[in-house]
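Enquirer: fold the following, please.
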Amino acid sequence: MSQNKSKIIIEDYKSEFKYNKKDTGLNIKFNRVAFIFFAFFVIYLIYSIHLIHLGSRKVKSEKAINLFTIKNKLYRADIIDTNGNYLAKTVKSIDIGLKTSDIINKKKLLLSLNIIFPEKNFKEIGKKIENKKFFYLEKKISEEKYEKIMKLGDKSLIPEEKILRMYPQKNLFSHVLGQIDDNNNGISGLEKSLNKDLKKSKDPIKLTLDKDIQFLIRKELLKYQKIFQSKGSAAILMNVNNGDILSLVSLPDFNPNERQNITDVNYINRVTKGTYELGSVIKTFTFANALNEKLIKPETEFLDLPKSISCYGFPIREYDNKIPSDLTAEQILIRSGNIGSVRIAQKIGPEKFKSFLEKVGILNQITFDIEEVAPQKNYKFSKCKLATASYGHGIATTILQLAKGYSILSNGGFEIKPNLISKNSKKNKKKNRLLNKGVSEQVVSALRKIVSTEEGTAKFANVPNYEIGGKTGTADKVLDGEYSDGKVNTFASIFPTSNPKFVFVVMLDGPQKSKDYYYKYRHMNGGWKGTLKNSAGWTSVEVAGKVIDKIGPILATKYIEVN
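Expert: From the prediction side, this is the model:
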């Protein structure tokens, strides 16, 4: 039995062994199938994930494109001055809105917001939460407060990214830059005239203006506007050879960051939009026109000049009866004689004189980088119009056109176009000569004597070593179509006269005498307290002299004069 048992055990073991062999074989086959299945599953999973990823990328791409499209509508290129200083800049801003339906715990939210915005009226905010579905809690939020808001983790607080147009220099270039509306469209200044370019250009638009010079000129104009209590004032500084404008100031001005709806006409751009009878500054063109026609020479004598004449019953008088009756053509300009200017103009004739004023830009319609340019009236030149226009009475123009005209008179007689936009490549085009050779030099010589000699009307502008030349203009102000007691005082200057580079025009609108201002004579010792006459020689000339004294070192136009 024991043998049988032993045999049984052996057989049982063998049977189990054989079974295990078969079981192992099944596992091997099963593992192969499982492995293949697993491999296909992994491949399927990888492709599925990849497809999902591609799908999400497409959605993100579409969102990015939509976001770019939205931002692109708000995009505007930056505007910089000649030295790269920002004058207008597009910046990102975030507004925080509050969606009231998503508020979970109103009390907790208000307590948290009170810590971040302690200055806000939370009673009003509480009312808005009860009555409105959505409102803006804070616009143009600071980075510090934005981070605190986001840390609250409240889904009812919704940040909205926006793009803002900022003007870092505030009032300094307001009339040049202008403003934009809420739809990101320019409504005035360069923002309007360059609207399409600003929306397309990837690079900043560079101007010819100089921030530092603009600041100094505006500072002096503000100072003297208070001293002479003028209604407004204006100044333009321009390169006489290429028309680049380094400064254009009109007062009063405004802050374009505030987007004000300005309706007061006193805020017009007085350089480009305001038209004025500018008085005796026009006499320089009368003198130049006669020289150009070879009708006179600087030394041509005009004898027995009366103190007054009449035209169609209207008297034309000298502004100063002390002016001698016998003068040369140059002395007529230096002493600013009215009757002498009429006599010179009569040699020219109405048509030729009008044509000359149009040719040099005084009486034609000017095109400019800013659209706000006054329309030019077409005057009919009769004998009387010729007489009054010869000394700047009865014809009106802009400060911009006056600056252009004086540039042509002083740059050798070549045509120029005033411009604010810096040109990267200025080709040396052949210049168009408007005046005969030598005329410009004769005009500049006379303008220098107006400032440097005792007989001249602009002695207060005789800043040592800057060789300033120029002409004064004092005109009665026209109000409601009639002449008033108010004055428009102008000084058109060029410097340095030995090699003219710049024209600088200062205009004061409605100045008054100052009894306390102290004048210090540059051409001799001593001075004077109080404005003796409400004329350009005592107002605009004084301002121009002070300004050139300050901007001259920046322009590097100082010369040592040798008599």
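
Enquirer: contacts for the strand or helix carrying I213?
Expert: In this assignment (DSSP states H and E), I213 forms part of helix 211-227. With contacts defined as Cβ atoms under 8 Å, 6 or more residues apart in numbering, helix 211-227 is touched by 81, 83, 85, 87, 169, 172-173, 230, 232-235, 237, 246-249, 251, 253, 506, 508, 514, 517, 539, 542-543, 546-547, 550-551, 554-555. Heads up, the C-betas are built off the backbone N, CA and C, glycines and all.

Enquirer: for that helix, what is the average pLDDT?
Expert: Helix 211-227 carries an average pLDDT of 98.

Enquirer: about what we covered before: now list the buried members of the contacts of helix 211-227.
Expert: 81, 87, 169, 172-173, 230, 232-235, 237, 246-249, 251, 253, 506, 508, 514, 517, 539, 542-543, 546-547, 551, 555 (16 or more other Cβ atoms under 10 Å).

Enquirer: would you map the strands across the stretch 401-550 of the chain?
Expert: In the stretch 401-550 of the chain, the strands defined using DSSP state E, counting those that start in this stretch lie at 469-479, 482-495, 502-509, 518-520, 527-529.

Enquirer: helix, strand or coil: sort out S280 for me.
Expert: helix (DSSP: H, G, I helix; E, B strand; the rest coil).

Enquirer: T472 is in contact with that one, correct?
Expert: Yes: using Cβ atoms under 8 Å, S280 is in contact with T472, at 6.0 Å.

Enquirer: overlap in contacts of these two?
Expert: With Cβ under 8 Å, 6+ apart as the test, S280 and T472 both reach S336, T457, A536.

Enquirer: the second one against L333, yeah?
Expert: Spelled out, that is T457. No: look at T457 against L333 with Cβ under 8 Å: they stay out of range, at 10.0 Å.

Enquirer: quick one: common contacting residues for the two?
Expert: Joint contacts of T457 and L333 (Cβ under 8 Å, 6+ apart) are I450, K471.

Enquirer: next secondary structure element downstream of the least confident helix or strand in the chain by mean pLDDT?
Expert: Least confident helix or strand of the chain, by mean pLDDT, DSSP states H and E, is helix 2-74 with a mean of 54. With elements assigned by DSSP H and E, the helix or strand that comes after helix 2-74 is strand 79-80.

Enquirer: list the helices and strands that following strand packs on?
Expert: strand 86-99, strand 205-206 (3 or more Cβ pairs under 8 Å, 6 or more residues apart in numbering; DSSP states H and E).

Enquirer: listing partners with orientation, what would you give for the longest one?
Expert: Counting by DSSP bridges, the strands paired with strand 86-99 are strand 79-80 (antiparallel), strand 134-138 (antiparallel), strand 157-166 (antiparallel).

Enquirer: got it, and the last one?
Expert: For strand 205-206, the pairing partners within the sheet under DSSP bridges are strand 79-80 (parallel).

Enquirer: shaky segments in the stretch 51-200 of the chain?
Expert: 51-73 (pLDDT under 70).

Enquirer: now do the helices in the stretch 351-500 of the chain.
Expert: Taking DSSP state H, counting those that start in this stretch as the test, the helices found in the stretch 351-500 of the chain are 383-389, 399-410, 439-452.

Enquirer: meant to ask about the stretch 201-350 of the chain
Expert: 211-227, 283-292, 329-335, 338-348, 350-359.

Enquirer: now for F122: which residues touch it?
Expert: L110, L113, N114.

Enquirer: I'd say the second one and L137 touch.
Expert: It refers to L113. Yes: taking contacts as Cβ under 8 Å, L113 lies within contact range of L137: 7.2 Å.

Enquirer: pull up the overlap in contacts between the two.
Expert: Residues touching both L113 and L137 by Cβ under 8 Å, 6+ apart: I125.

Enquirer: out of these two, which sits in the busier spot?
Expert: L113 (22 against 19; other Cβ atoms under 10 Å).

Enquirer: contacts only, for that one.
Expert: Listed by Cβ under 8 Å, 6+ apart, the contact partners of L113 are K120, F122, I125, L137.

Enquirer: now do the SS call for the third one.
Expert: Secondary structure for I125, judged by three-state DSSP, is helix.

Enquirer: wait, V505 sits on V240?
Expert: No: the pair V505 / V240 is not scored as a contact, 11.8 Å apart, by Cβ under 8 Å.

Enquirer: more neighbours: those two, which one.
Expert: Neighbour count, other Cβ under 10 Å: between V505 and V240, V505 has more, with 27 against 24.

Enquirer: and the more buried one, what does it touch?
Expert: Counting by Cβ under 8 Å, 6+ apart, V505 touches A234, A235, I236, I399, L402, A403, Y406, T490, F491, A492, S493.

Enquirer: repeat for N261
Expert: Under the criterion of Cβ under 8 Å, 6+ apart, N261 has no neighbours.

Enquirer: now it: how far from L74?
Expert: Distance of N261 to L74, computed by Cβ to Cβ, to the nearest Å: 21 Å.

Enquirer: ok, back up a step: let's have the strands paired with strand 86-99 in JSON lines, adding distance to Y483.
Expert: Shown next, in JSON lines, are the strands paired with strand 86-99 (distance: least, Cβ to Cβ, whole Å):
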{"stretch": "strand 79-80", "distance to Y483": "41"}
{"stretch": "strand 134-138", "distance to Y483": "54"}
{"stretch": "strand 157-166", "distance to Y483": "43"}
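
Enquirer: okay, the ones you listed, which one's buried deepest?
Expert: Among the strands paired with strand 86-99, ranked by average contacts under mean count of other Cβ atoms under 10 Å, first place goes to strand 79-80 (a mean of 23).

Enquirer: per-residue confidence for the nearest residue to C311 once chain neighbours are set aside?
Expert: Closest residue to C311 apart from its sequence neighbours, by Cβ to Cβ, 6 or more residues apart in numbering: C384 at 4.1 Å. On pLDDT, C384 comes in at 95.

Enquirer: was I right about C384 contacting F314?
Expert: Yes: counting by Cβ under 8 Å, C384 touches F314, with 7.4 Å between them.

Enquirer: more crowded one of these two?
Expert: Set C384 next to F314 and count neighbours by other Cβ under 10 Å: C384 wins out with 16 against 10.

Enquirer: for that one, give me its contacts.
Expert: Applying Cβ under 8 Å, 6+ apart, we find C384 in contact with C311, Y312, F314.

Enquirer: one more time with 10 Å, if that's ok
Expert: Residues near C384 by Cβ atoms under 10 Å, 6 or more residues apart in numbering: S310, C311, Y312, G313, F314, I316, P350, G394.

Enquirer: L386 now?
Expert: Contact partners of L386, counting by Cβ under 10 Å, 6+ apart, are 286, 311, 342, 345-346, 348-354, 394.

Enquirer: most neighbours, which of these?
Expert: T286 (29 neighbours).

Enquirer: and that one, how far from I348?
Expert: Using Cβ to Cβ, T286 is found at 8 Å from I348.

Enquirer: overlap of the contact sets of the two?
Expert: Common contact partners of T286 and I348 (Cβ under 10 Å, 6+ apart): F356, L386, S390.

Enquirer: related to what we said a few turns ago, in the contacts of C384, find the pair that's most separated.
Expert: Greatest spacing in the contacts of C384, by Cβ to Cβ: G313 and P350 (19.1 Å).

Enquirer: mind checking how far G279 is from S407?
Expert: According to Cβ to Cβ, G279 and S407 sit 19 Å apart.

Enquirer: that older thread, any chance of the shared contacts of S280 and T472 in TSV, plus neighbour count and pLDDT?
Expert: Formatted as TSV, the shared contacts of S280 and T472 follow (neighbours: other Cβ atoms under 10 Å; pLDDT from 0 to 100):
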residue	neighbour count	pLDDT
S336	30	96
T457	25	94
A536	34	97
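
Enquirer: just give me the closest of those to L435.
Expert: Looking across those and measuring by Cβ to Cβ, the closest to L435 is S336, at 21.8 Å.

Enquirer: for that closest one, which non-adjacent residue is spatially closest?
Expert: Of all residues not flanking S336 in the chain, S280 sits nearest, at 4.8 Å (Cβ to Cβ, 6+ apart).

Enquirer: tell me the buried residues in stretch 392-407?
Expert: By neighbour count on 16+ other Cβ under 10 Å, the buried set for stretch 392-407 is 392-393, 395-407.
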